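# kindly return the folded structure for what I paste below:
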Amino acid sequence: MPMRSHYCGAVTEALIGQPVTLCGWVNRRRDHGGVIFIDLRDREGTVQVVCDPDRPQMFATAEHLRNEYCIQVRGVVRARPEGTVNDAIRSGKVEVLCHEIEVLNPSVTPPFQLDDDNLSETTRLTHRVLDLRRPYMQRNLMLRYRVAMETRRFLDAHGFIDIETPMLTRSTPEGARDYLVPSRVHDGMFYALPQSPQLFKQLLMVAGFDRYYQITKCFRDEDLRADRQPEFTQIDIETSFMTEQEIRDLFQGMIKTVFANTIGVDLGEFPVMTYAEAMARFGSDKPDLRVKLEFTELTDVMKDVEFKVFSGPANMPGGRVVALRVPGGAQMSRSEIDAYTEFVKIYGAKGLAWIKVNDLAAGRDGLQSPIVKNLHDAALQAVLQRSGARDGDLLLFGADKAKVVNDAIGALRVKIGHSAFGKANGLFEDRWAPLWVVDFPMFEYDEEERRWVAVHHPFTAPKDGHEDLMATDPGACLAKAYDMVLNGWELGGGSVRIHRADVQRKVFAALNIGEDEARAKFGFLLDALQYGAPPHGGLAFGLDRLVTLMTGAESIRDVIAFPKTQRAQCLLTHAPSPVDEKQLRELHIRLRNPQPA
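From the prediction side, this is the model:
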């Protein structure tokens, strides 16, 4: 006889009258004075098992069951009595009349109830194996599997092939910090874990595999947030002989197909917005279009006002002054505005100026704010007209270096939109909001290092006609780069790559990477480009982020089986951990500050 005939969650009225053999865990045992009910759980759901005392041996076993015992049940499916149907679960119209129970393995008392929704993340990650038994986590990981499978089906149908690339490669310190792996065989040498398969997938294009993909682990040793992990999973794709538009169209179709086939969502149209427009309107290159708030540009009208908080940044190279109009915001209390002031300080803002528009018709007298007296009539009129202010509105201002303003007021825009106030006042639209952001700058200036650095990576191609700008005006040079954004998250990004060695050398020159350094770091790529490298480009999606959005989880840790904490630790296995002196000697490593024993 089979150990199991059906999954618990698959027992439905179609099986009424049939014998079944089930295996799973005791989710809950209920003794109703002569009849014992067991909620038996497996990955597909739960089913109610009824144990009657007319089978004494089976009933005696049922009396000793406890939560999380692993058991096997044999019985017959029957309809639940009238009035006891549970519409919340798939098996809720039936139950299993138990004939036999076998305890496959007892369990000690679990550290928490699996249906407790108020567990701390530390508890969950420490006892991750039990946490993964919870239906919430099982649903998340099952969806992750289905997303990966739908992705593979789509790519296979469009001629892409899965090719693995190395996990041990050389360190090319462009971008985030590498994770290094010491070599035992080569004294003093190190491998690096890949931040992405970028160089290898380009080499595969040169090699003639014109449609490549890989669902692969990537590694970055960087500061962590809710949407970051030291190791994360990337849907990595590269293709040859396709234009930028063709690449975007193909992978827009892929994401739409995945959403439709896994969670039944039609993402609809994908608007296209330039990077410059996104930054001007929202202060972000991944704007959440569900929030109905936008920046009002005021830099030009604040240059001659007496208020130095505004005129200083307005006259500063790279400075910016903006307003954020919050319809109905005049009803906010001073304490609420003060809380928003503290919030923007997290992003480097020094404060948050504001004006409450109580009565436009009353002119200055209808405006409530400590800053109104410092603004001349022309500036004040420009603020009200450009912002479209109405009675009852609140205007919030950002004035500083453009990056500070964009980061602070951009984050404030999202915070207000997502708040209870924002939702109650129609500032947030509950929908899926996809977007393409295109025409990114090729370079940005690093003030600390006093040099230009690549916005994406140094293998991104410039837009046609912008090649000479790399030498004459790097800040004006735009890239054939594109990001797919969904609900304010960067879902994936990519670019058309440089396929000619002469163009690649121009990029290295703009980045102040000399011939010797370029040869040392990327010689194998430069050599490959000389052998008839085809025009190619690609894109990479974050699988963790994709599934997080689909599930509505607050953190990508909820869609990863065994994640790290924000301090890059695994509370389950206690990694990272010390290693013994023998292993260190084999790797030719001596610790400068050894930990006390």
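
# and the closest residue to Thr172 other than its chain neighbours, what helix or strand is that in?
Distances taken as CB to CB, 6 or more residues apart in numbering put Lys521 closest to Thr172, at 5.3 Å, once the chain neighbours are dropped. (Each C-beta comes from the backbone N, C-alpha and C, glycine too.) Per DSSP states H and E, Lys521 falls inside helix 515-529.

# so what touches that helix?
Residues outside helix 515-529 that contact it (CB atoms under 8 Å, 6 or more residues apart in numbering): 172, 174, 199, 202-203, 206, 459, 498-501, 504-505, 508, 513.

# check the offset of it from the chain's centre.
Relative to its chain's centre, helix 515-529 lies at 33 Å (CA atoms, centre = their mean, to the nearest Å).

# avg pLDDT for that helix?
The pLDDT scores in helix 515-529 average 85.

# with stretch 376-384 instead?
For stretch 376-384, mean pLDDT rounds to 94.

# okay, buried residues for that stretch please.
The neighbour-count check on stretch 376-384 (16 or more other CB atoms under 10 Å) flags Ala379, Leu380, Ala382, Val383, Leu384 as buried.

# so the second one touches Gly366, yeah?
It refers to Leu380. No - contact criterion CB atoms under 8 Å: Leu380 and Gly366 do not qualify, at 11.3 Å.

# neighbouring contacts of whichever helix in the chain runs longest?
In terms of residue count, the longest helix belonging to the chain (DSSP state H) is helix 135-157. Residues external to helix 135-157 that are found in contact with it (CB under 8 Å, 6+ apart): 41, 43, 45, 131-132, 162, 211, 213, 215, 235, 237, 253-254, 257-258, 261-263, 543, 546-547, 550-551, 553, 558-559, 561.

# quick check: buried residues in it?
Neighbour-count burial for helix 135-157 flags 135, 137-138, 140-141, 143-144, 146-148, 150-151, 154-155 (criterion: 16+ other CB under 10 Å).

# let's have those residues in CSV, adding pLDDT and distance to Val85.
Converted to CSV, those look like this (pLDDT from 0 to 100; distance: CB to CB, whole Å):
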residue, pLDDT, distance to Val85
Pro135, 93, 20
Met137, 96, 27
Gln138, 96, 24
Asn140, 97, 28
Leu141, 97, 29
Leu143, 98, 27
Arg144, 98, 32
Arg146, 98, 29
Val147, 98, 33
Ala148, 98, 35
Glu150, 98, 33
Thr151, 98, 38
Phe154, 98, 39
Leu155, 98, 43
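
# roughly how far apart are the residue nearest to the spatial centre of the chain and Glu100?
Here the mean C-alpha position of the chain is nearest to the C-alpha of Arg545 (CA atoms, centre = their mean), at a distance of 3.1 Å. For Arg545, the distance to Glu100 equals 46 Å [CB to CB, to the nearest Å].

# strands of the stretch 251-400 of the chain, residue ranges please.
Counting by DSSP state E, counting those that start in this stretch, one finds strands in the stretch 251-400 of the chain at the ranges 272-274, 295-297, 319-326, 353-357, 367-368, 393-401.

# pull the number of nearby residues for Arg30.
By the measure other CB atoms under 10 Å, the count of residues near Arg30 is 10.

# shouldn't Leu396 be in contact with Ala408?
No - counting by CB under 8 Å, Leu396 sits too far from Ala408 to count as a contact (10.1 Å).

# name the nearest residue to Lys217, ignoring sequence neighbours.
Closest to Lys217 by CB to CB, 6+ apart is Glu231, at 5.4 Å.

# in stretch 520-537, what's buried?
Buried residues in stretch 520-537, counted by 16+ other CB under 10 Å: Lys521, Phe522, Leu525, Leu526, Ala528, Leu529, Ala533, Pro535, His536, Gly537.

# could you identify the most distant pair in these?
Farthest apart among these by CB to CB are Lys521 and Pro535. That separation is 23.4 Å.

# with just CA atoms, put the host helix or strand of the residue nearest to the centre of the chain into PDB.
Per DSSP H and E, Arg545 falls inside helix 543-551. The C-alpha coordinates for helix 543-551 follow below in PDB (Å, rounded to 0.1, in the frame of the first residue of the first chain):
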ATOM      1  CA  LEU A 543      13.200  36.900  -8.300                       C
ATOM      2  CA  ASP A 544      13.000  37.700  -4.600                       C
ATOM      3  CA  ARG A 545      11.500  41.200  -5.200                       C
ATOM      4  CA  LEU A 546       9.100  39.900  -7.800                       C
ATOM      5  CA  VAL A 547       7.600  37.300  -5.400                       C
ATOM      6  CA  THR A 548       7.600  39.700  -2.500                       C
ATOM      7  CA  LEU A 549       5.500  42.100  -4.500                       C
ATOM      8  CA  MET A 550       3.100  39.300  -5.600                       C
ATOM      9  CA  THR A 551       2.600  38.100  -2.000                       C
END
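
# sorry, back to before: can you redo the buried residues of stretch 520-537 as JSON lines with distance to Asp31?
Listed next are the buried residues of stretch 520-537 as JSON lines, based on distance: CB to CB, whole Å:
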{"residue": "Lys521", "distance to Asp31": "69"}
{"residue": "Phe522", "distance to Asp31": "70"}
{"residue": "Leu525", "distance to Asp31": "69"}
{"residue": "Leu526", "distance to Asp31": "74"}
{"residue": "Ala528", "distance to Asp31": "71"}
{"residue": "Leu529", "distance to Asp31": "74"}
{"residue": "Ala533", "distance to Asp31": "72"}
{"residue": "Pro535", "distance to Asp31": "71"}
{"residue": "His536", "distance to Asp31": "67"}
{"residue": "Gly537", "distance to Asp31": "64"}
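
# between the residues you listed, which is nearest Val344?
Nearest to Val344 among those, with distances taken as CB to CB, is Gly537, at 37.6 Å.

# what's opposite the closest one in the beta bridge?
Beta-bridge partners for Gly537, by DSSP bridges, are Thr239, Val496.

# show the contacting residues for it.
Contacts for Gly537 (CB under 8 Å, 6+ apart) come out as Glu238, Thr239, Met242, Glu244, Ile247, Ala461, Lys480, Gly494, Ser495, Val496, Arg497.

# next, format those as JSON lines and append pLDDT, distance to Leu180 and neighbour count.
Below are these laid out as JSON lines (pLDDT from 0 to 100; distance: CB to CB, whole Å; neighbours: other CB atoms under 10 Å):
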{"residue": "Glu238", "pLDDT": "97", "distance to Leu180": "26", "neighbour count": "28"}
{"residue": "Thr239", "pLDDT": "97", "distance to Leu180": "31", "neighbour count": "25"}
{"residue": "Met242", "pLDDT": "96", "distance to Leu180": "35", "neighbour count": "18"}
{"residue": "Glu244", "pLDDT": "95", "distance to Leu180": "35", "neighbour count": "17"}
{"residue": "Ile247", "pLDDT": "97", "distance to Leu180": "33", "neighbour count": "22"}
{"residue": "Ala461", "pLDDT": "94", "distance to Leu180": "30", "neighbour count": "24"}
{"residue": "Lys480", "pLDDT": "95", "distance to Leu180": "32", "neighbour count": "23"}
{"residue": "Gly494", "pLDDT": "95", "distance to Leu180": "27", "neighbour count": "24"}
{"residue": "Ser495", "pLDDT": "95", "distance to Leu180": "27", "neighbour count": "23"}
{"residue": "Val496", "pLDDT": "96", "distance to Leu180": "31", "neighbour count": "22"}
{"residue": "Arg497", "pLDDT": "95", "distance to Leu180": "26", "neighbour count": "24"}
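
# kindly indicate which of those residues lies nearest Leu587.
Nearest to Leu587, judged by CB to CB, of the contacts of Gly537 is Glu238 at 34.1 Å.

# pretty sure that closest one contacts Met205?
Yes - applying CB under 8 Å, one finds Glu238 in contact with Met205, separated by 5.8 Å.

# give me the common contacts of those two.
Residues touching both Glu238 and Met205 (CB under 8 Å, 6+ apart) are Tyr212, His536.

# rewinding a little: now, the buried residues of stretch 376-384 that are in helices?
Taking DSSP H, the ones among those that sit in helices are Ala379, Leu380, Ala382, Val383, Leu384.

# contacting residues for the closest residue to the last one other than its chain neighbours?
Spatial nearest neighbour of Leu384, chain neighbours left out: Leu360 (7.0 Å); criterion: CB to CB, 6+ apart. The contact partners of Leu360, taken as CB under 8 Å, 6+ apart, are Gly366, Leu384, Ala389, Arg390, Asp391.

# cheers, nothing more for now.
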